[in-house]
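> Attaching a predicted model along with its sequence, questions to come.
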Protein chains: 2
Amino acid sequence: MIKALLQDFLPIIEQRLEASLKHADTKFDSVYKAMEYSLLSGGKRLRPFILNEFYKACGKNDDGALNFAAALEMIHTYSLIHDDLPAMDNDDFRRGRPSCHKAFGEDIALLAGDGLLTLAFETAAKTEGISADKVLKAIIVLSTCAGNDGMIGGQVIDLVSEGTNPELSTVKEMYIKKTGALIAAAAEIGTILAGGTEKQVLAAKDYALNLGIAFQIQDDILDKIGDSALLGKPVGSDAKNEKSTYVSITGLEKAKSDVEEYTKKAVLALETFGKAGKNLKDLAEYLINRSF
Amino acid sequence: MIKALLQDFLPIIEQRLEASLKHADTKFDSVYKAMEYSLLSGGKRLRPFILNEFYKACGKNDDGALNFAAALEMIHTYSLIHDDLPAMDNDDFRRGRPSCHKAFGEDIALLAGDGLLTLAFETAAKTEGISADKVLKAIIVLSTCAGNDGMIGGQVIDLVSEGTNPELSTVKEMYIKKTGALIAAAAEIGTILAGGTEKQVLAAKDYALNLGIAFQIQDDILDKIGDSALLGKPVGSDAKNEKSTYVSITGLEKAKSDVEEYTKKAVLALETFGKAGKNLKDLAEYLINRSF
C-alpha cells in the first residue's frame, strides 16, 4: 500500500522537478546538464513525499505544496553533490552512477550544487495559490533546516569528527542535523503550507526528527550488512573512510532495537493527525524494514 | 560627498551582517568562523549600498531593506569563496588576506560558501515591516539573479571560455551575468521593497546592468595597470590565468572610453528618479575614477 503510494507520487514530483529545471537554453548550459544529471537520477523522493503527505494530512488535496517538495529535493541533491567532492567525502559513485564531479568535472559540479541550492529558493518562492505569509514562513523553515543549525551543521560535525572516536551523543547530534533537519523541514513545511495548527507543526517536527534518526541508523546498518547493488554504493564505505557510525559504537543489535524505538516515537507523534496520519505511519514502518 | 556616504553606510551594514551571523554557539562552529572570516573582511559593500540607495530613492527612510542588503553581500561573499577554491580559480588571496580555503581548508570553505548562500535566504525572508508579497517578490529576484540565468551563469561562461579566445559579445554576456546580475538584484530589490513603480524597477535594473559592465571593465583595467596593494590581489592575475578580458580584446583606450559610455547610460537611466537619484549618479561617476 505505502509502496504503491510512494510509486504513484514519483511521476508527480519528477514532473515538477523537470518543470522547475527548464530554464536555460544557451550554449553555456553545462551546469544545467549537471544539475539535471544529479536531480533526475531516480532518487526515492522521500522528503518531497513526506512534505506532501503532511500537507494532505492537514486536509489539503491540491498540488500547492509541490514547489516546496521540489525545492527540498534540490537541496538534498545539492548536498549530495558537494558531499561527494574530493574536498569532502571523495565519492566516485552515487545512486549507482558516477558522481556529479566524475561526470562533469569538479568546477561544474561545484556550480551545479550552488545552482540547485539557489534554484530551490526560487522554486519555493514561486509557490502559487498559498498566501505570501505562509510561503515566507516556510522559506524560513527551509533555510534554517538547510543551514548551519541544520544540515550544514551536521556536515561540519561529520567532518570534524572524522578520525576521532566521537561519543554516541555526537553521532546522534550529527544524524539529527545532517539527515533529520531536512526531513523535519519537509514535515513542518507541509503542515505550515496547509495552515496546520501550532500543535500539528510541532507534532510533524517530532515525527520527522525521530524518523530521521531511525532512517540514518538503518542506513548504517545497511552499510554494514547490506547489498551493494541495492544501495548504489560500495558496502562498507563508512568503514573504508574510517567513519564512526552509530552501529560501530553501539553494535548491530542495539542499533536495530534503537531503530525500532525511534520509529515508535515517530509514529506516536502522529496521534494529533488522527486517521489522516495513516500514510505517514505506514511510511515509518516501511522504512524500518527497508533494504535500500 | 559620495565617499562619505559610502563610509557612513559601512557601520550600518556591518552591524546587520554581524547580527545575521550570530547564530551558533557550539563546539562545531568552524564553519561559522570561516563565514565570519570572509563576510566581515572589509569589503566595499557596494551592492548593499546600491540596494539601500534605491530604497531611499523611492522615498523610504527606514532600515527595512537592510536584511536584503546583508543577504546580497552574503551571496557575493559565497561566490568569492567558491570562486577561489582550487577546483575553480585557485586563488590564495582575497582582499589582501589568505582566501577562505587557505585559512580553513577546502572542506570548511566549501561549506562556508553553502552556509552563506543559505543564510542569505533566511536573512532576506526574515525582513520585518514590509509586506510578505513584496518580500517574496524580492526573494524571487534575489534567487533569479544569483542563479543559472544570473551570477552562476556568468561563472559558467567564465569557466567554459578559459583558454579559448571568446568574442567580445561573450565577455560582455559574462560581465552582465557574473557582475551585473547581483548589482541589478540590488537595484531591483531596493525599488521593489520600497514599493516603487514598474517603470522605476526597470530603470533601476537598466542603471545597474550598465554600471555592472562599467565596473567589471574598470576591474580589468585596474588588473592591467593597477596597484597590487590597493586591489588586494596580485596585479596581472587575469593574464597569469590566461583569461581573456575586455581589455585584452579591445585594448586599453577603447576599454576606458567604454567604461565612460556605460557609466553615462547608467546615469541616464536614473532620470525617472529625479533628484532622489543624485547619490546613485555620484556613485557611478565615483566608480569610474576609482583605483581600488
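All right, it came through fine.
> only C-alpha atoms for contact and neighbour calcs from this point on.
Will do.
> Need the contact partners of stretch A:81-91.
The contact list for stretch A:81-91, computed with Cα atoms under 8 Å, 6 or more residues apart in numbering or on different chains, reads A:38, A:92, A:99-101, A:106, A:109-110, A:112-113, A:159, B:106-107, B:110.
> Quick check: phi and psi on residue A:90?
With angles defined as degrees, to the nearest 10, residue A:90 sits at phi 50, psi 50.
> Of the contacts of stretch A:81-91, which is the most crowded?
Greatest neighbour count in these, by other Cα atoms under 10 Å in any protein chain shown, goes to residue A:112: 33 neighbours.
> helices and strands around the strand or helix carrying that residue, which ones?
Remark: residue A:112 resides in helix A:106-125, with elements defined by DSSP states H and E. Applying 3 or more Cα pairs under 8 Å, 6 or more residues apart in numbering or on different chains; DSSP states H and E, one finds that helix A:106-125 makes contact with helix A:30-39, helix A:66-84, helix A:100-104, helix A:132-146, helix B:106-125, helix B:132-146, helix B:151-161.
> Columns mean pLDDT on top of the ones you listed, output as JSON lines?
Output for these, formatted as JSON lines (pLDDT from 0 to 100):
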{"stretch": "helix A:30-39", "mean pLDDT": "94"}
{"stretch": "helix A:66-84", "mean pLDDT": "98"}
{"stretch": "helix A:100-104", "mean pLDDT": "97"}
{"stretch": "helix A:132-146", "mean pLDDT": "98"}
{"stretch": "helix B:106-125", "mean pLDDT": "98"}
{"stretch": "helix B:132-146", "mean pLDDT": "98"}
{"stretch": "helix B:151-161", "mean pLDDT": "93"}
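> ok, which stretches of the stretch 151-292 of chain A are helices?
A:151-161, A:168-175, A:181-193, A:198-225, A:228-231, A:237-240, A:246-250, A:252-269, A:278-288 (DSSP state H, counting those that start in this stretch).
> Deepest-packed of those, please.
helix A:181-193 (a mean of 30; mean count of other Cα atoms under 10 Å in any protein chain shown).
> gap between that one and the chain center?
Its chain's average C-alpha position is 11 Å from that of helix A:181-193, according to Cα atoms, centre = their mean, to the nearest Å.
> ok, now stretch A:187-197?
17 Å.
> cool, stretch A:155-169 as well?
20 Å.
> CA atoms only for that stretch - export them in CSV, please.
C-alpha atoms of stretch A:155-169 as CSV (Å, rounded to 0.1, in the frame of the first residue of the first chain):
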residue,chain,number,x,y,z
GLN,A,155,28.1,18.0,7.8
VAL,A,156,30.5,20.0,9.9
ILE,A,157,30.2,17.6,12.8
ASP,A,158,30.8,14.8,10.3
LEU,A,159,34.0,16.5,9.1
VAL,A,160,35.3,17.5,12.5
SER,A,161,34.6,14.0,14.0
GLU,A,162,36.4,12.1,11.2
GLY,A,163,39.3,10.1,12.5
THR,A,164,38.2,10.7,16.1
ASN,A,165,36.2,8.5,18.4
PRO,A,166,33.0,10.6,18.8
GLU,A,167,30.6,9.8,21.6
LEU,A,168,27.2,8.4,20.8
SER,A,169,25.6,11.8,21.6
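> Just confirm yes or no for that stretch near chain B.
Yes: under the criterion of Cα under 8 Å from any Cα of the partner chain, stretch A:155-169 makes contact with chain B via A:156-157, A:160.
> okay, the helices of the stretch 151-292 of chain A in TSV with distance to residue A:134 next?
Formatted as TSV, the helices of the stretch 151-292 of chain A follow (distance: least, Cα to Cα, whole Å):
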stretch	distance to residue A:134
helix A:151-161	22
helix A:168-175	28
helix A:181-193	6
helix A:198-225	13
helix A:228-231	37
helix A:237-240	40
helix A:246-250	37
helix A:252-269	23
helix A:278-288	23
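> Confidence-wise, which of those helices is weakest overall?
When the helices of the stretch 151-292 of chain A are ranked by mean pLDDT, helix A:228-231 comes last with a mean of 52.
> mind listing what residue A:209 touches?
Contact partners of residue A:209, counting by Cα under 8 Å, 6+ apart, are A:176, A:180-181, A:183-184, A:266.
> Check the residues you listed and tell me the two furthest apart.
Distance extremes for the contacts of residue A:209: the farthest pair is A:181 and A:266 at 14.3 Å, using Cα to Cα.
> Which residues does stretch A:153-166 contact?
A:88, A:147-148, A:170, A:173-179, A:242-244, B:28-31, B:108, B:111.
> and the residue of the stretch 151-292 of chain A nearest chain B?
The minimum distance from the stretch 151-292 of chain A to chain B, using Cα to the nearest Cα, falls at residue A:157 (6.0 Å).
> I'd like to know how far that residue sits from residue A:179.
Residue A:157 sits at a distance of 12 Å from residue A:179 (criterion: Cα to Cα, to the nearest Å).
> hmm, back to that, how about the contacts of residue A:209 in TSV, adding distance to chain B?
Formatted as TSV, these follow (distance: Cα to the nearest Cα, whole Å):
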residue	distance to chain B
A:176	14
A:180	17
A:181	14
A:183	17
A:184	16
A:266	27
